[in-house]
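# one predicted model, sequence on top.
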Amino acid sequence: MVSGEEMRLLHRQYNIAALAPTTDETPAAPGPAARYPIGVSADRRRLVDADGKPFLIQGDTAWSLIANLEFEEAVRYLDDRHAKGFNAIIVNLIEHHYSEDPPRDLHGREPFSRPGDMSTANDAYFDAAVLVLEECAARGICVILAPAYIGYRHDRGPGISLHADGWYDEIVATGVEGCRKYGAYVGRKFGRFANIIWCIGGDWHPEATREGLDAIAEGIRAAGVTNLFTGHPHPEFSPIETFAGSSWLDLNITYTYGIVHREMLKDWNRNPPWPFFLLESTYEGEHNSSPIQVRRQAYWSVLCGANGHCVGNHPIWLFGEGWEAALDFPASKAMVRWGRFFRGVSWHELVPDIGHRLVTAGLGEARGLDRVTAAQTADKQIAVVYLPVHRPIEVQLAEMAGPYVQVEWFEPVSGQTLPGGTLRAAGAAILTSPFPEDAALTLKSCAP
């Protein structure tokens, strides 16, 4: 345990810090620019840009960006996200259900010359989509682009037609060769965009669409596209299981409405390793979510080994009424602080503390939303701990390289930081956050 003298020093520094906390009130600013395309590190753990620099996904869900906004509105949205440091968005190339007049865009342009036949791509629609992609590229925003979202399928009862959110039936009706033709068209039209990660499927098991989805991806690849591909499975499933054997799959994702930290640690522990990120979990404005629930998901993501997180908001994702006001809702502001925090702590070198060697008590329920997560660099110079609730934790200071450990607290809800003193890297310490809600604790080895 920490000595009485060291504990008094720690408490005294808290009292001093409380008089003059450091709060991040500076205007939002874009994160570091990446050079595309995005690739995978040699150890298959991290996403890296074309210069080999780690790429932390600070993402937003903008599913209906292309189909449900005027071009000028899309530019305003992208300017806002770029200014807040978002470097990735999830987008449907073609919208089946959630836009104002699906599958047409707001100018009445159809994606296909023959409705339902995906082999008959309409240049007018896709030329307009190119203009939006150009604006994304100009701002350095990675587009996780779904060329044919298949969507939820809801059986509404006997005698009532099936409700389909996506292109499931059209993929089946178009057939494998027609889907391959569509993929080749999309590859030629959008292949020059190095900032795309292609996303196959969407919210449902492929079932009868599997061959068609593979053909779309293969058609894109055949057009000379070398960008990364991932899949979008049914919630609680993984693309490396759902699309097992597909030659196009490069990148795994976590998609869960369950115990988020458990699912991500499962993805970290895969053998061989697959790079992954938290593509989706509970959205702000849906499922009675709270601001702290949305923050928890984001902080858990990196500390459980993910390459970042895409936050969601209703009405932003479908650009429904009130979407512009929602740009400044708590989740967006929290992600600004999240991005700054993790880019300042060598996030890509952090390894999840799966064996609980660093934090040994106060962890919370293993299946619960109060679970403390921790990660540490291999050289034990830096460690980060996320506490979803206010309670003391026991930290094994001897797990740090030392000889001393600098303690700092960060408040996700405000961006405020408080120094927590300097302790010897020996024994254990009981540490309690100075903040009333969630907190992130940074430990850094230092000299006396």
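Happy to help now that I have it. All figures in this text were calculated on a predicted structure; none of them were measured in a lab.

# for this structure, which spans come out with low pLDDT?
For the chain, applying pLDDT under 70 flags the ranges 1-32, 154-157, 159-163.

# domain ranges for it?
4-23+353-446, 39-349 (automatic domain parsing).

# most packed of those?
domain 39-349 (a mean of 20; mean count of other C-beta atoms under 10 Å). Every C-beta, even on glycine, is put in place using the N, C-alpha and C of the backbone.

# quote the end-to-end distance of it.
The first and last residues of domain 39-349 sit 17 Å apart, counting by C-alpha to C-alpha, to the nearest Å.

# rewinding a little: save the domains of the chain as TSV, and put in distance to residue 33 too.
What follows is the domains of the chain, written out as TSV (distance: least, C-beta to C-beta, whole Å):
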stretch	distance to residue 33
domain 4-23+353-446	22
domain 39-349	5
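
# that's a helix at residue 77, yeah?
Yes: secondary structure assignment (DSSP: H, G, I helix; E, B strand; the rest coil) places residue 77 inside a helix.

# now the helices for the stretch 151-300 of the chain?
In the stretch 151-300 of the chain, the segments counted as helices under DSSP state H, counting those that start in this stretch are 168-190, 210-222, 239-242, 260-268, 291-303.

# nearest to residue 371, of the ones you listed?
Taking C-beta to C-beta, helix 260-268 is the member of those nearest to residue 371, at 5.4 Å.

# how far off helix 291-303 does that closest one point, in degrees?
In terms of direction (axes from the mean of the first three to the mean of the last three C-alpha atoms, to 10 degrees), helix 260-268 departs from helix 291-303 by 20 degrees.

# residues in contact with the residue positioned nearest the centre of the chain?
Taking C-alpha atoms, centre = their mean, the centroid of the chain lies closest to residue 309, which sits 1.8 Å from it. Going by C-beta atoms under 8 Å, 6 or more residues apart in numbering, residue 309 touches 57, 58, 59, 277, 278, 297, 298, 301, 302, 335, 338.

# output the helices of the stretch 151-300 of the chain in JSON lines; the columns should cover distance to residue 229.
Compiled in JSON lines, the helices of the stretch 151-300 of the chain are given as follows (distance: least, C-beta to C-beta, whole Å):
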{"stretch": "helix 168-190", "distance to residue 229": "11"}
{"stretch": "helix 210-222", "distance to residue 229": "6"}
{"stretch": "helix 239-242", "distance to residue 229": "9"}
{"stretch": "helix 260-268", "distance to residue 229": "17"}
{"stretch": "helix 291-303", "distance to residue 229": "21"}
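
# wait, which of those is closest to residue 140?
Nearest to residue 140, of all these, is helix 168-190, at 17.0 Å by C-beta to C-beta.

# how far off centre is that closest one?
Mean-position distance between helix 168-190 and its chain equals 27 Å (C-alpha atoms, centre = their mean, to the nearest Å).

# do you know which of the helices of the stretch 151-300 of the chain lies nearest residue 326?
Counting by C-beta to C-beta, and looking across all of the helices of the stretch 151-300 of the chain, nearest comes helix 291-303 at 12.6 Å.

# dump that closest one to PDB, restricted to CA.
Only the C-alpha atoms of helix 291-303 are listed here, as PDB (Å, rounded to 0.1, in the frame of the first residue of the first chain):
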ATOM      1  CA  PRO A 291     -24.700  10.800 -21.900                       C
ATOM      2  CA  ILE A 292     -22.600   8.700 -19.700                       C
ATOM      3  CA  GLN A 293     -23.600   5.500 -21.500                       C
ATOM      4  CA  VAL A 294     -22.400   7.000 -24.800                       C
ATOM      5  CA  ARG A 295     -19.100   8.100 -23.200                       C
ATOM      6  CA  ARG A 296     -18.500   4.700 -21.600                       C
ATOM      7  CA  GLN A 297     -18.600   3.000 -25.000                       C
ATOM      8  CA  ALA A 298     -16.000   5.400 -26.400                       C
ATOM      9  CA  TYR A 299     -13.500   5.100 -23.600                       C
ATOM     10  CA  TRP A 300     -13.900   1.300 -23.300                       C
ATOM     11  CA  SER A 301     -13.200   1.000 -27.000                       C
ATOM     12  CA  VAL A 302      -9.500   2.100 -26.900                       C
ATOM     13  CA  LEU A 303      -8.800   0.500 -23.600                       C
END
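
# next SSE after it?
Next in sequence after helix 291-303, counting helices and strands by DSSP states H and E, comes strand 308-311.

# can you list contacts of the following helix or strand past that next one?
Reading on from strand 308-311 to the C-terminus, the next helix or strand found by DSSP H and E is helix 323-326. Contacts to helix 323-326, defined as C-beta under 8 Å, 6+ apart, come from residues 76, 77, 284, 285, 313, 314, 315, 316, 332.

# 7 Å instead?
313, 315, 316 (C-beta atoms under 7 Å, 6 or more residues apart in numbering).

# show me the contacts for the second one.
Residues near residue 315 by C-beta under 7 Å, 6+ apart: 285, 321, 322, 323, 326.

# out of those, what pair is the most spread apart?
Farthest-apart pair in the contacts of residue 315 is 285 and 321; separation 12.0 Å (C-beta to C-beta).
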